[in-house]
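Engineer: Pasting the sequence and the predicted model now:
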Amino acid sequence: MKKKHLPFILIAIVVVIVVAWSFSSESEEEQEITTTAFIGNFQDLVVSSGELIAKNSEDILGPNGMQRYGLYNVQIAEIVPEGSYVEQGDFVCSLDKSDINTKINDVLVDLEKAESQYTQTKLDTSLTLREKRNELANLAFQIRQKKIELEQSAYEPPATIQRLKLDLEKLEQDLTRSAENYQIKKRQSTAKMIEAGAELQQKKNRLEKLEELMGQFTINAPKSGMVIYKREWDGEKRKTGSTISPWDPAVATLPDLSQMLSKTYINEVDIRKVKTGQIVALGLDAFPDIQLSGTVTQVANVGETRKGSDTKVFEVEITVNESDSTYRPGMTTSNQILTNEINDVLQIPLEAVYAQDNMSFVYVKDGVTIKKQQIQLGPANDEFVIVENGIEEGTEVYLSEPVSARDQEIQTLTANTAGL
């Protein structure tokens, strides 16, 4: 019984093997995708993402002259949401007043001391000058007495008359010196009063300036426009809790939306291709259906390291030709910078190119056979590469490596030339 069914079992096994081999061949053929070399215009593009910014904008500035009063880092207490539209004079931002309030309280204490010192100086000078005036009055009174005594001593002995004359002369000299001393004391008192008054006025002026400065801690819009947050050197935006300094007092900007730029950063490998004047095709992530055009207007000479990256990049500014009220600073752009264009050249996809022993080659479909053909390559972009020698237009090449031709020898350009 078993021998009777054996032929059928063998036939079934053979059928399964054939079917499996057939599916395997079909699967392998499905994986071996081909394309043809074509002649067309070659474009070398440098692709990058960027950010829309206004070409011209006006900064909304914080208080002016903070460094004169020892205020170097002032925190933003409140700021309107980014993108808010404000009219001229509308509230934009307020700054933390704790530091300036401390300065004002210190000046108030100094002002109170200066007022007390001024009053004390005024009283001291008044008493001193009063004493000097009394001294002058007493001397004048004594002189009048001596003159009367001298008039009444006409019949006194000459010695007595001479003594009275000497006393009168001494009193007159004392009066002259006292009068001179009084003028000196008066000038001294005036100088002390001026000094005390100047100190008092200085404290008053400082208090007035600080109060005026504190009024600037509430910042209003210098003109109408859309509020865009100011960016720090590291790219972070200034918002509530950020700080401003006297050397960089801007809290926000009012951009001119009539002309926009795309600011992007190009890696150090591609930057050598980018030049001013090159044409750029731009797209907006917010509006996928909109296509814009632009021109490279500025390329940085010095690279920088951006936050979150270890590689050097170079800042590039692209002027956007179109303008629209819906475009907003901060929108993400996709930039395709046309760095080179060559017309009517033979090209193939990069996926079709392989390398071995420092040679570039392709797998060429030649009828029912496959061969490995060396090629000479020209410039390449992200998708295609120019073929300068080795194949012709219409040549069918494989995008995936054919397993059956993997071990073949490469047909070199020299060998092909010799054969021809």
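Structural biologist: Okay, I see it.

Engineer: going forward, measure contacts between C-alpha atoms and count neighbours the same way
Structural biologist: OK.

Engineer: Okay, buried residues for stretch 136-154 please.
Structural biologist: Judged by neighbour count (16 or more other C-alpha atoms under 10 Å), stretch 136-154 contains these buried residues: Leu136, Leu139, Ala140, Gln142, Ile143, Lys146, Leu150.

Engineer: Likewise for stretch 251-269?
Structural biologist: Neighbour-count burial for stretch 251-269 [16+ other C-alpha under 10 Å]: 251-257, 259-267.

Engineer: now swap in stretch 89-101 and tell me
Structural biologist: Judged by neighbour count (16+ other C-alpha under 10 Å), stretch 89-101 contains these buried residues: Val92, Cys93, Ser94, Leu95, Asp96, Lys97, Ile100.

Engineer: what about it, how long is it end to end?
Structural biologist: Taking C-alpha to C-alpha, to the nearest Å, stretch 89-101 runs 25 Å from one end to the other.

Engineer: who touches the residue nearest to Leu164 when sequence neighbours are not counted in this structure?
Structural biologist: The spatial neighbour of Leu164 that comes closest, neighbours along the chain excluded (C-alpha to C-alpha, 6 or more residues apart in numbering), is Leu150 at 6.0 Å. Leu150 makes contacts with Ile161, Leu164, Lys165, as judged by C-alpha atoms under 8 Å, 6 or more residues apart in numbering.

Engineer: Format these as JSON lines; extra columns: pLDDT.
Structural biologist: Converted to JSON lines, the contacts of Leu150 look like this (pLDDT from 0 to 100):
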{"residue": "Ile161", "pLDDT": "82"}
{"residue": "Leu164", "pLDDT": "82"}
{"residue": "Lys165", "pLDDT": "84"}
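
Engineer: Filter those residues down to the ones in helices?
Structural biologist: Among those, the members found in helices (DSSP state H) are Ile161, Leu164, Lys165.

Engineer: Just the closest of the residues you listed to Asp310, please.
Structural biologist: Lys165 (104.9 Å; C-alpha to C-alpha).

Engineer: what's near enough to touch the closest one?
Structural biologist: Here Lys165 is in contact with Leu150 (C-alpha under 8 Å, 6+ apart).

Engineer: Please apply the same query to Ala154.
Structural biologist: Residues in contact with Ala154 (C-alpha under 8 Å, 6+ apart) are Ile161.

Engineer: hey, what's Tyr354 bridged with?
Structural biologist: Phe361 (DSSP bridges).

Engineer: tally of neighbours for it?
Structural biologist: Residues near Tyr354, counting by other C-alpha atoms under 10 Å, number 18.

Engineer: One more: Lys230?
Structural biologist: Per other C-alpha under 10 Å, the neighbour tally for Lys230 reads 19.

Engineer: and if you look at Ala300?
Structural biologist: Count around Ala300 with other C-alpha under 10 Å applied: 14.

Engineer: so it touches Lys312, yeah?
Structural biologist: No - using C-alpha atoms under 8 Å as the test, Ala300 is too far from Lys312 to be in contact (11.9 Å).

Engineer: So, low pLDDT: which residues of the stretch 51-200 of the chain?
Structural biologist: By pLDDT under 70, the stretch 51-200 of the chain has no low-scoring segment.

Engineer: residue ranges for the helices of it, please.
Structural biologist: With DSSP state H, counting those that start in this stretch as the criterion, the stretch 51-200 of the chain has helices at 98-152, 158-215.

Engineer: Tyr72: which of the ones you listed is closest?
Structural biologist: Proximity to Tyr72, assessed across the helices of the stretch 51-200 of the chain by C-alpha to C-alpha, is greatest for helix 98-152 (10.0 Å).

Engineer: can you give me the angle the closest one makes with helix 158-215?
Structural biologist: With axes from the mean of the first three to the mean of the last three C-alpha atoms, to 10 degrees defining the directions, helix 98-152 sits at 170 degrees from helix 158-215.

Engineer: Tell me the spacing between the closest residue to Lys132 other than its chain neighbours and Asp44.
Structural biologist: Counting by C-alpha to C-alpha, 6+ apart, Lys132 lies nearest to Tyr182, which is 5.9 Å off, once chain neighbours are set aside. Plainly put, Tyr182 is 96 Å away from Asp44 if you go by C-alpha to C-alpha.

Engineer: And Ser360, by the same measure?
Structural biologist: According to C-alpha to C-alpha, Ser360 stands 20 Å off from Asp44.

Engineer: about what we covered before: would you turn the ones in helices among the contacts of Leu150 into TSV with distance to Asn381?
Structural biologist: Shown next, in TSV, are these (distance: C-alpha to C-alpha, whole Å):
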residue	distance to Asn381
Ile161	129
Leu164	124
Lys165	122
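
Engineer: between the residues you listed, which is closest to Glu87?
Structural biologist: For those, the nearest to Glu87 is Lys165 (90.8 Å; C-alpha to C-alpha).

Engineer: And the closest one, how far from Ala154?
Structural biologist: Distance, Lys165 to Ala154, by C-alpha to C-alpha: 12 Å.

Engineer: Pull out the buried residues from stretch 218-235.
Structural biologist: For stretch 218-235, a neighbour-count test (16+ other C-alpha under 10 Å) marks Thr218, Ile219, Asn220, Ala221, Pro222, Gly225, Met226, Val227, Ile228, Tyr229, Lys230 as buried.
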